[in-house]
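S.K.: Here's my sequence, what's the structure:
(one chain, ligands or ions: 1)
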Amino acid sequence: MYGMVNSAIMDLIVATHGEETWQRVKFKAGVEEEIFISNDAYPDELTYRLVGAASEVLAQPADVILIQFGRWWVLDTALKNYGHLMKFGGRTLGEFLKNLPNFHTRVVMMFPKLQPPMFECIDLGPMELRLHYRSHRRGLSAFVIGLLEGLGKMFEVRVTLTHEERLDDGADHDVFHVSWSEAKT
Ligand code: HEM
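M.R.: Have a look, this model is predicted:
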């Protein structure tokens, strides 16, 4: 994955647990890089090692780390560094999610080696939809949950998520039921 992903994991851990903890995570992961170059593609395996090491050092399941990371990605990384792209995504959560299948097409223009996720949206009503998530990577559905929660915060709506079908349980891919209400979170 592009270096910006690893950088964002570093930023999250430093912001929430401090520099020393980040050094322990890096050491456990066997990662020697002092910084990650945003525009360089790194092996996916390095990112997985960082998440695995964070899970051990912080004594939290990897999925909990991935959910936090998903929220952080939207509310910190994406909004601060790629605000213009996020703005293009839509003015409401519904609009944004309906545009999600095409979202990374713009990102690919900036990062041509991107291997983006694939999303498909089935409209179920004004504030309800079904989101299909496919990827050639495994184990990132908790990241998607965190991303959706982050988007809910960004649009100041209360999001309810149900993970209806799971790749890990033998389904063809992950499917989420997403609904939201205008009440502030
Ligand atoms: C401007 C904002 C964003 C940028 C710059 C961005 C960029 C990226 C990058 C660089 C990766 C790593 C993949 C690679 O390097 O090959 C990635 C992965 C991913 N992105 Fe985005 N992204 C953005 C917003 C979003 C949003 C809003 C979502 C949605 C819900 C999302 C969902 C994902 C998922 C699920 C992955 C994991 C890859 C996979 O499933 O295979 N991203 N994105």
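
S.K.: pLDDT below threshold where in this structure?
M.R.: Along the chain, the parts satisfying pLDDT under 70 run over 184-185.

S.K.: Flag every residue of it that's near the ligand.
M.R.: 1-2, 4-5, 74, 78, 82, 85-86, 100, 103-104, 107, 111, 114-115, 117, 135, 137, 140, 143-144, 147 (C-beta under 6 Å from any ligand atom). To be clear about C-beta, it is placed using only N, CA and C from the backbone, and glycine gets the same treatment.

S.K.: Can you select the buried ones from those residues in ChimeraX?
M.R.: A single ChimeraX command selects the buried members of those (16 or more other C-beta atoms under 10 Å):
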select :1,2,4,5,74,78,82,85,86,100,103,104,111,117,135,140,143,144,147
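
S.K.: what are the phi and psi angles of the closest residue to His177 other than its chain neighbours?
M.R.: Closest residue to His177 apart from its sequence neighbours, by C-beta to C-beta, 6 or more residues apart in numbering: Thr162 at 4.3 Å. Phi and psi for Thr162, reported as degrees, to the nearest 10, are phi -130, psi 130.

S.K.: Quick check, Thr162 in contact with Asp174.
M.R.: No. Using C-beta atoms under 8 Å, Thr162 makes no contact with Asp174, being 11.5 Å away.

S.K.: before we move on, which element is the residue most central in space within the chain in?
M.R.: For the chain, the residue nearest the mean C-alpha position is Gly70 (3.5 Å; C-alpha atoms, centre = their mean). Per DSSP states H and E, Gly70 falls inside helix 62-72.

S.K.: Thanks a lot, catch you later.
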